[in-house]
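*Asks:* Give me coordinates for this.
(one chain, ligands or ions: 2)
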Amino acid sequence: MTRAVPDIVIQEVALRDGLQIEPQWVETDDKVDLVDALAAAGLRRIEVSSFVSPKVVPSLWDADVVFKRIQRRPGTVYSALVPNLKGLASALRARVDEVNFVMSASETHNRANVNMSHERSLAALAEIVASARPAGIKVNATIATAFGCPFEGAQPLEKVLKIAGRYLSFGVDGITLADTTGMANPRQVSALLADVLSLTSRDRLTLHFHNTRGLGLVNVLAAYDTGARRFDTALGGLGGCPFAPGATGNVCTEDLVNLFHEIGLSTGLDLQALIALSRRLPDLVGHDVPGQVAKAGRAQDLHPIPTALQNSG
Ligand code: COA
Ligand code: ZN
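*Replies:* Ligands and ions are numbered 1, 2, ... in the order given. Next comes the predicted model:
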């Protein structure tokens with residue numbers, strides 16, 4: 001009997017979304033070790049870093065060195081975020097497998113994040129696709145603040161659909177809907193997703209939730225029930241956009257893996273290995289991390305019965 005390949009795809013983003021907001025410098029070799037260990041734990045998609053201005057995101061200035069030192073496993077996709085053609089050029093030199101372009105649904109957040117209008121960002125995406133394709137590099141395009149913006153508030157569904165349509169018209173390989181500051185709720189997720197899934201297939205669509213208001217996992221489950229199968233998560237629940245007030249962590253990788261396994265869905269990931277890795281994060285980043293399963297252990301990891309109860313009949 002062959003084991004079915006899980007249709008759930010989890011992309012690990014702690015190295016990018018997680019570290020971009022961390023004030024404490026994480027050594028390049030520690031980043032490399034973490035990428036390699038995540039791949040060994042079964043992750044087949046890892047967002048390794050960003051090719052952005054080092055003045056703006058100093059914690060990821062070593063992206064090219066990290067890419068040079070990681071041990072690439074066949075079948076694992078190592079990607080990086082790029083906002084413009086300069087970022088793509090660096091990503092090509094670093095031999096990334098895929099780039100992740102980002103533009104926010106909200107013009108205000110887009111200016112805060114990448115200092116560009118929609119028009120300029122879309123022109124950059126067109127250039128990125130045109131240069132990446134001949135190099136054999138895939139392009140994923142993220143719609144940040146798709147479920148709400150910390151400056152503008154709710155984003156009309158039609159606006160998000162229009163951006164998704166524009167992305168697809170450029171020939172992107174995938175789209176990510178990102179809830180940058182955890183403003184989504186499950187009903188909204190289902191409604192938006194149902195419409196986006198009429199534009200593109202579920203194997204080209206990723207959901208990227210932040211747990212800012214504690215709704216991360218319920219949003220993932222709503223998305224799963226509506227047909228989504230690809231999710232971004234960060235080990236330990238690290239994460240956050242430095243240019244969004246009040247940003248906090250992504251949905252936590254090991255917490256989501258635990259949820260899927262508990263409800264009988266396979267992820268192909270080694271939960272125990274992920275928990276062990278997550279427990280190393282506080283030393284790396286210098287503070288406690290939000291993930292819960294790494295603190296509690298798996299539900300099946302039972303504790304010894306207290307001695308006082310052992311002989312009580
Ligand atoms: N990688 C590295 N450096 C870059 C770059 C890139 N992709 N794009 C531009 N730069 C450099 C320029 O060379 C220039 O350098 P200099 O000051 O030494 O001459 C400087 O950055 C300013 O370039 P400019 O084109 O005027 O950019 P900007 O100041 O308008 O900033 C971005 C635009 C996109 C580069 C910047 O806002 C950015 O890096 N944002 C990333 C935000 C992010 O990662 N957010 C979290 C993810 S959601
Ligand atoms: Zn994010």
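*Asks:* What distance do you get for the residue of the stretch 101-250 of the chain found nearest ligand 1 to L235?
*Replies:* Residue of the stretch 101-250 of the chain nearest ligand 1, by C-beta to the nearest ligand atom: N115 (3.5 Å). C-beta: built from backbone N, CA, C; applies to glycine. Between N115 and L235 the distance is 30 Å, computed by C-beta to C-beta, to the nearest Å.
*Asks:* Give me the more crowded residue out of the two.
*Replies:* L235 (29 against 14; other C-beta atoms under 10 Å).
*Asks:* Can you give me every residue that contacts the more buried one?
*Replies:* Contacts for L235 (C-beta atoms under 8 Å, 6 or more residues apart in numbering) come out as 12, 14, 18, 34, 38, 252-254, 274, 277-278, 281, 291.
*Asks:* quick revisit: could you check how far the residue of the stretch 101-250 of the chain closest to ligand 1 is from F260?
*Replies:* N115 is 38 Å from F260, by C-beta to C-beta.
*Asks:* try F151
*Replies:* Here F151 is placed at a distance of 34 Å from F260 (C-beta to C-beta).
*Asks:* Between those two, tell me which one has more neighbours.
*Replies:* Ranked by neighbour count (other C-beta under 10 Å), F151 and F260 place F260 first, with 20 against 15.
*Asks:* Can you name the residues of the stretch 1-150 of the chain sitting close to ligand 1?
*Replies:* 20, 50-53, 56-57, 81, 83-84, 86-87, 90, 102, 113-115, 144 (C-beta under 6 Å from any ligand atom).
*Asks:* Next step: the residues you listed restricted to strands.
*Replies:* 50, 81, 102, 144 (DSSP state E).
*Asks:* Tell me where the stretch 51-200 of the chain has strands.
*Replies:* 77-82, 98-104, 138-144, 174-179 (DSSP state E, counting those that start in this stretch).
*Asks:* would a markdown table of those strands with mean neighbour count and mean pLDDT be doable?
*Replies:* Below are the strands of the stretch 51-200 of the chain laid out as a markdown table (neighbours: other C-beta atoms under 10 Å; pLDDT from 0 to 100):
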| stretch | mean neighbour count | mean pLDDT |
| --- | --- | --- |
| strand 77-82 | 24 | 98 |
| strand 98-104 | 25 | 98 |
| strand 138-144 | 23 | 98 |
| strand 174-179 | 24 | 98 |
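*Asks:* how many other residues sit next to D7?
*Replies:* 12.
*Asks:* actually F147, not the one I wrote
*Replies:* 29.
*Asks:* In contact with the most centrally placed residue in the chain: list those residues for me.
*Replies:* Centroid-nearest residue in the chain: D232, 3.2 Å away (criterion: C-alpha atoms, centre = their mean). Counting by C-beta under 8 Å, 6+ apart, D232 touches 10-11, 13, 17, 47, 176, 178, 206-209, 250-251.
*Asks:* among these, who's most crowded?
*Replies:* Result: N250 is most packed of these (other C-beta under 10 Å), 32 neighbours.
*Asks:* other SSEs contacting the host helix or strand of D30?
*Replies:* Take DSSP states H and E as the rule and D30 turns out to sit in helix 28-40. Other helices and strands packing on helix 28-40, by 3 or more C-beta pairs under 8 Å, 6 or more residues apart in numbering; DSSP states H and E, are strand 45-50, helix 63-69, helix 271-278.
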